[in-house]
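1. next comes the sequence, and after it the predicted model I'd like to discuss.
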Amino acid sequence: MRHLLPLLVAVPLLGAALLACVGRVVPRAFAEAVGCAVSAGTAALAVVLLLDASPPLVEWAGGWEPVAGHSVGIVLVGDGPGLGMAALVSLLTPAALAYSWRSFDAPPRGNAGSFPALVLLFQAGMCGFAIAGDLFNAFVWFELMSVVAYALTGHRVEEARAVQGALTFAVVNSLGAYALLMGIALLYARTGELAMAEIGRELDAYGPPDALVLAGFVLVLTGLLVKAAAVPFHFWLPDAHAVAPTPVCMLLSGVMVELGVFGVWRVLGTVFSGPGGLPAADVERALMVLGALTAAIGALMCWYQRHIKRLLAYSTIAHTGLFLLGIGTLTLEGDDGVALYVVGHAGVKAALFACTGILLDRFGSVDEHVLHGRARPLRGVAVLFTAGALGLAGLPPFGTALGKSVTEEAVGGPLTVVYVLASAVTAGAVLRVAARVFLGLGPRPQEAAGDEGAYETTGSGEEPETRQPLSRVPDTMTAVPAVLLAGALAAGAVPGFADAVARAMSEATTAGLVQTSVHWTPVGVALGLVSTLLAVGLAAVAVVRPKLLAPPARALPLRRLQSGHVGDYVAWLLVGTTVLGVLALPAVLTG
């Protein structure tokens, strides 16, 4: 089975090449059908390999195996976490393509296969990153994924805002990629190896970490944290989501950001976990500080948005913080909880973006204020949107709730409050939108006075992504979020699924010698209910007494940071790199 690993990348690449070649001479329906078939076939292959990933599959591409313990070849590792991420990516890709079936209005370039071809390239890059066993080729797939994401974000190139959002995305993520590449170069200079496991062994043989290892650690994690949109590397994400087509937003928030978190977990566990890496206490401190800061700022900024796509983007940032907190525990329980949380979050967040796309294509706006009460006829979409909000809050038995419960128990202490509050605030913001937009509850929101509106993107004046505003919502556009939410629900409700995830994680980290038991606990269920009730309460207060939870004047400086100027975002990236280095510096001073 290991020989099939390269097909996870090769199949979507070949599909994209085929669509690029014949897209100008075939009907659009044929091109979209080919795109869906290729992405679904890759998903089926990923699931088959995942079921056979014990023990982990290892394939040296082209037969370039190590000689005398040294390697220069491309190694693919098909363990539970890697293949699990590849399967998640490959399942969400056909969902995004099906959502856009016969409705998404791609720019008229004369090539019906341009959009599905780009999506397949995106899938290939993400799958390659998930199963890469060496740092350099992880960087290669990282770059392929990024470049295609830039093109997809600015796919509506006739709109200036789309070009600006894509350019910001490209500049910030390219700098993150350069940091990653420099970190890889430093580690290669020290060890002479590129395979992650070999780098870890060579670092352990060298001795305690020094300044070079610290620099490699900071640079590699900077590149990955930019992709994960952790604070203060996050500024590109809301700007990109505001202009990206809805199917692209489903992939960006559903799996691409999570791949950045996955990369952090993979590098920490294979490269820097031994005696030659950084001490566990320093790694834990760095991730806990960044995770808590990311969750808090993401949740706060999510609450103060009226542009629904930006609101969901900040929700993704907040949950990235929760994922980092779980990884920062450096425990099997934390890893298991984050893995489940990621699976549930992918379905919930993609479904919420899909419902938001329906609003955009029906009413030409994603402004919570402008849409007040206008979506009353969309009862089915209202149910899906509300269900997604409850899943975001951690309502049992959603997979998000079970993952949140396990991770909360692993984190423990006061940081449990961060999970409850971040989940409640982000879900409360989504429920507030549902109450106002779909039910028309509360007074019609008034425009902000003074100069505050200058730092707020409203979401009005948007152009529908369909050929013309929808008078009737196609069945595919409602079926996709329904299936995604059903999957998120099944992740927490289907017996044995959580244990299978825990087993896959343990086989990748402890060779199956230790396995945690993942199950619902009374405390976890209670905390899930508390965060859900708090979310409902916050939404109710915001709707009935909007001035009570309106943004205070002191929140304005925080909102000004999202300036839209790429130079500001680059400056914050450098600040984040410095902070990460300071947090990890004791490893060198004590060594």
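-> Now that the structure is in, tell me what you want to look at. Please read these numbers as outputs of a predicted model, since none were measured by experiment.
2. just how off-centre is stretch 480-496 within its chain?
-> In terms of C-alpha atoms, centre = their mean, to the nearest Å, the centre of stretch 480-496 is set 18 Å apart from its chain centre.
3. buried set for that stretch?
-> Of the residues in stretch 480-496, those buried under the neighbour-count criterion (16 or more other C-beta atoms under 10 Å) are 480-485, 487-493. Backbone N, C-alpha and C define where each C-beta goes, glycine included.
4. can I get these in JSON lines including secondary structure?
-> Supplementary listing: these in JSON lines, determined by DSSP: H, G, I helix; E, B strand; the rest coil:
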{"residue": "Val480", "secondary structure": "helix"}
{"residue": "Pro481", "secondary structure": "helix"}
{"residue": "Ala482", "secondary structure": "helix"}
{"residue": "Val483", "secondary structure": "helix"}
{"residue": "Leu484", "secondary structure": "helix"}
{"residue": "Leu485", "secondary structure": "helix"}
{"residue": "Gly487", "secondary structure": "helix"}
{"residue": "Ala488", "secondary structure": "helix"}
{"residue": "Leu489", "secondary structure": "helix"}
{"residue": "Ala490", "secondary structure": "helix"}
{"residue": "Ala491", "secondary structure": "helix"}
{"residue": "Gly492", "secondary structure": "helix"}
{"residue": "Ala493", "secondary structure": "helix"}
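5. would a markdown table of these with pLDDT and distance to Asp79 be doable?
-> Putting the buried residues of stretch 480-496 into a markdown table (pLDDT from 0 to 100; distance: C-beta to C-beta, whole Å) gives the following:
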| residue | pLDDT | distance to Asp79 |
| --- | --- | --- |
| Val480 | 95 | 30 |
| Pro481 | 96 | 31 |
| Ala482 | 96 | 32 |
| Val483 | 96 | 27 |
| Leu484 | 96 | 26 |
| Leu485 | 97 | 29 |
| Gly487 | 95 | 22 |
| Ala488 | 95 | 24 |
| Leu489 | 95 | 27 |
| Ala490 | 94 | 23 |
| Ala491 | 92 | 20 |
| Gly492 | 91 | 23 |
| Ala493 | 93 | 26 |
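6. how about low-confidence regions in the stretch 101-250 of the chain?
-> 102-112 (pLDDT under 70).
7. helix, strand, or coil at the one residue sitting closest to the centre of the chain?
-> Ranked by distance to the mean C-alpha position of the chain (C-alpha atoms, centre = their mean), the top residue is Val257 at 2.6 Å. Local secondary structure at Val257 is given as helix here, using three-state DSSP.
8. contacting residues around it?
-> The contact partners of Val257, taken as C-beta atoms under 8 Å, 6 or more residues apart in numbering, are Lys227, Ala228, Ala229, Leu237, Thr316, Thr320.
9. so which of the residues you listed are in helices?
-> Counted as lying in helices by DSSP state H, out of the contacts of Val257, are Lys227, Ala228, Leu237, Thr316, Thr320.
10. closest to Pro279 among those residues?
-> Sorting the ones in helices among the contacts of Val257 by distance to Pro279 puts Ala228 at the head of the list, at 22.6 Å, by C-beta to C-beta.
11. what's near enough to touch that closest one?
-> By C-beta under 8 Å, 6+ apart, the contact list for Ala228 reads Val257, Glu258, Gly260, Val261, Gly263, Val264, Thr320, Phe323, Leu324.
12. please type out the ChimeraX selection for whichever of the ones in helices among the contacts of Val257 turn out to be buried.
-> Applying 16+ other C-beta under 10 Å to the ones in helices among the contacts of Val257, the buried members can be selected in ChimeraX as follows:
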select :227,228,237,316,320
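13. closest one of the ones in helices among the contacts of Val257 to Pro445?
-> Out of the ones in helices among the contacts of Val257, the one with the shortest distance to Pro445 is Thr316. That distance is 23.9 Å, counting by C-beta to C-beta.
14. that closest one contacts Leu237, doesn't it?
-> Yes. Look at Thr316 against Leu237 with C-beta atoms under 8 Å: they come within range, at 6.9 Å.
15. residues shared between the contacts of those two?
-> Residues touching both Thr316 and Leu237 (C-beta under 8 Å, 6+ apart) are Ala229, Val257.
16. where along the stretch 151-300 of the chain do the strands fall?
-> For the stretch 151-300 of the chain, strands defined by DSSP state E, counting those that start in this stretch do not occur.
17. mind listing what Phe438 touches?
-> Taking C-beta under 8 Å, 6+ apart, we find Phe438 in contact with Ala375, Arg376, Leu378, Arg379, Val381, Ala382, Phe385, Thr386.
18. for the residue nearest to Ala132 when sequence neighbours are not counted, pull up the helix or strand it's in.
-> In this structure, Ala132 finds its nearest non-sequential neighbour in Ala138, 3.9 Å apart by C-beta to C-beta, 6 or more residues apart in numbering. Using DSSP states H and E, the element containing Ala138 is helix 135-153.
19. on that earlier part again, which pair of the ones in helices among the contacts of Val257 spans the longest distance?
-> Between all members of those, the longest pairwise span (C-beta to C-beta) is found for Lys227 and Thr316 and amounts to 12.3 Å.
20. elements contacting the helix holding Ala138?
-> Packed against helix 135-153, as judged by 3 or more C-beta pairs under 8 Å, 6 or more residues apart in numbering; DSSP states H and E, are the following elements: helix 114-131, helix 160-191, helix 196-206, helix 211-228, helix 246-251, helix 257-270.
21. of all the ones you listed, which one is nearest Arg24?
-> Arg24 lies closest to helix 114-131 among the helices and strands packed on helix 135-153, at 9.3 Å (C-beta to C-beta).
22. the closest one vs helix 135-153, what angle?
-> Relative orientation of helix 114-131 versus helix 135-153 (axes from the mean of the first three to the mean of the last three C-alpha atoms, to 10 degrees): 150 degrees.
23. the inter-axis angle of helix 114-131 versus helix 257-270?
-> 20 degrees.
24. with just CA atoms, put helix 114-131 into PDB.
-> What follows is helix 114-131 as a C-alpha-only set of coordinates in PDB (Å, rounded to 0.1, in the frame of the first residue of the first chain):
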ATOM      1  CA  SER A 114      -9.700  27.100 -14.700                       C
ATOM      2  CA  PHE A 115     -11.400  27.100 -11.400                       C
ATOM      3  CA  PRO A 116     -11.700  23.300 -10.800                       C
ATOM      4  CA  ALA A 117      -8.100  23.000 -12.000                       C
ATOM      5  CA  LEU A 118      -6.900  25.500  -9.400                       C
ATOM      6  CA  VAL A 119      -8.900  23.700  -6.700                       C
ATOM      7  CA  LEU A 120      -7.300  20.400  -7.600                       C
ATOM      8  CA  LEU A 121      -3.800  22.000  -7.500                       C
ATOM      9  CA  PHE A 122      -4.700  23.300  -4.100                       C
ATOM     10  CA  GLN A 123      -5.800  19.800  -3.000                       C
ATOM     11  CA  ALA A 124      -2.500  18.300  -4.300                       C
ATOM     12  CA  GLY A 125      -0.400  20.900  -2.400                       C
ATOM     13  CA  MET A 126      -2.300  20.300   0.900                       C
ATOM     14  CA  CYS A 127      -2.200  16.500   0.600                       C
ATOM     15  CA  GLY A 128       1.600  16.700  -0.200                       C
ATOM     16  CA  PHE A 129       2.200  18.800   2.900                       C
ATOM     17  CA  ALA A 130       0.200  16.400   5.100                       C
ATOM     18  CA  ILE A 131       2.200  13.400   4.100                       C
END
